[in-house]
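Novice: one predicted model, sequence on top.
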Amino acid sequence: LNGFPLWSASGDGDTVKLELKFADPGVRTFDGHMSADRQTIEGRFLIDVYAVPFSLKRNGEARIAPPPKSAAIDPKLVGVWRGLLDAAGQSLPLSLTLTNHPDRTATGAWSVGDAPETPVAIADDNGTLTLTSPVTPDSFTGSLSADGKQISGTLNDGAKPLPVVFTRASGG
């Protein structure tokens with residue numbers, strides 16, 4: 001796992017608990033024990049009712065990748081957008097934030113349900129918007145409506161492509 005937002009971290013003596021927040025089914029937990037030399041954590045990765053053994057070994061200083069920066073996008077795309085994803089009969093709320101910066105770059109982030117935002121790379125090519133997650137295999141390709149109120153397209157998550165319509169959030 002790389003790039004997922006850390007939801008919480010705690011420790012008590014040699015016991016360590018790290019939680020990552022996902023959209024569904026929610027929090028994933030690394031529950032382990034730190035070695036005496038403080039270089040290794042071994043334990044279980046808890047997924048629903050499954051416990052998968054894991055071992056983490058320190059191999060240097062922490063490296064936190066910055067969110068991807070893309071070329072500035074059409075100002076009509078900038079703002080907060082909301083949508084719904086119908087996945088296996090379950091309707092999940094989507095949120096998308098697209099921002100231009102003074103240095104002529106753009107950043108974006110999306111979230112599903114109440115999960116933390118995940119950064120996305122943005123490509124704006126002659127009216128076709130492509131968003132790509134550096135964390136998951138997810139991508140979205142769509143286009144802005146003529147009135148600038150909706151972005152309609154397809155979310156690809158490696159399985160069946162799903163239609164998604166983002167609507168500009170009020171005040172966004």
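Specialist: Structure's in. What do you need?

Novice: quick one, helices of this protein?
Specialist: For the chain, no helices turn up when DSSP state H is the criterion.

Novice: any stretches of it with poor pLDDT?
Specialist: Within the chain, the segments meeting pLDDT under 70 span 1-5, 21-26, 87-88, 171-172.

Novice: give me every residue that touches the residue nearest to His101 when sequence neighbours are not counted.
Specialist: By the measure of C-beta to C-beta, 6 or more residues apart in numbering, the closest residue to His101 outside its immediate chain neighbours is Thr107, 7.0 Å from it. C-betas here are computed from N, CA, C, even on glycine. Contacts of Thr107 were listed using C-beta atoms under 8 Å, 6 or more residues apart in numbering, and they are Pro67, Pro68, Lys69, Ser70, Leu98, Thr99, His101, Pro119, Ile122.

Novice: mind listing what the nearest residue to the third one once chain neighbours are set aside touches?
Specialist: The reference is to Lys69. Excluding its sequence neighbours, the residue lying closest to Lys69 (C-beta to C-beta, 6+ apart) is Thr105, at 4.3 Å. Contact criterion C-beta under 8 Å, 6+ apart gives Lys69, Ser70, Ala71, Ala72 as the residues in contact with Thr105.

Novice: before we move on, what about Ala123?
Specialist: Under the criterion of C-beta under 8 Å, 6+ apart, the contact partners of Ala123 comprise Ser70, Leu129, Thr130, Leu131, Thr132.

Novice: closest to Gln90 among the residues you listed?
Specialist: The shortest gap between Gln90 and any of those belongs to Leu131, at 21.6 Å (C-beta to C-beta).
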